[in-house]
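>>> Whatever this is, show me its structure:
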Amino acid sequence: MKRGESVAPKELKPATERNGPSISARVTPTMAPTIPTALQAALANAPAAGQGVHSWLLSVANSFRNAHLPETQAVLHLRASMARPPKPPNEVEVAVAKAYRGAVGRAHERPRVARNRHPARAARMHERRRTGG
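Have a look, this model is predicted:
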């Protein structure tokens, strides 16, 4: 090729022919996190409107968190399983956010308080135990 000559551009192929199928086409269902059987059963047994949908939402959202599944997956599955439209419209997102925020304030997560709040008394008890008297 001589200086100053133009080069005809190569014929470009579509991206799918150059790089293979798009990433979404390469993702298989086995690559997505699997849902435990118990969680699938809970999703299948969604209550009817007026039969405890809100408490069911929070319960199943907690199960998604305990199964270490992403929040987005929890929202998608809960919305698809509900027998009624969410009331308010962000009901599912609020329940999932609450579940993934953690169980703040529950008894099993509160900091332990020392049994004996009187240090002088605790010291005397410790001394008695140590000396055997």
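
>>> can you map out the strands along the chain?
For the chain, no strands turn up when DSSP state E is the criterion.

>>> can you map out the helices along it?
Ranges of helices in the chain, per DSSP state H, are 15-19, 23-26, 37-44, 53-66, 71-81, 91-101, 119-131.

>>> Which residues does the third one contact?
Contacts of helix 37-44 with the rest of the structure, by CB atoms under 8 Å, 6 or more residues apart in numbering, involve 35, 56, 59-60, 63-64, 67, 77-78, 81. The C-beta positions use only the backbone N, C-alpha and C, and glycine is treated the same way.

>>> what's the lowest-pLDDT member of those residues?
Of all the contacts of helix 37-44, Ile35 has the smallest pLDDT value, namely 87.

>>> wait, what's in contact with that residue?
Contacts of Ile35 (CB under 8 Å, 6+ apart): 43, 67, 69, 77.

>>> Quick check: it vs Ser63, distance?
9 Å (CB to CB, to the nearest Å).

>>> Please apply the same query to Ser81.
For Ser81, the distance to Ser63 - CB to CB - is 12 Å.
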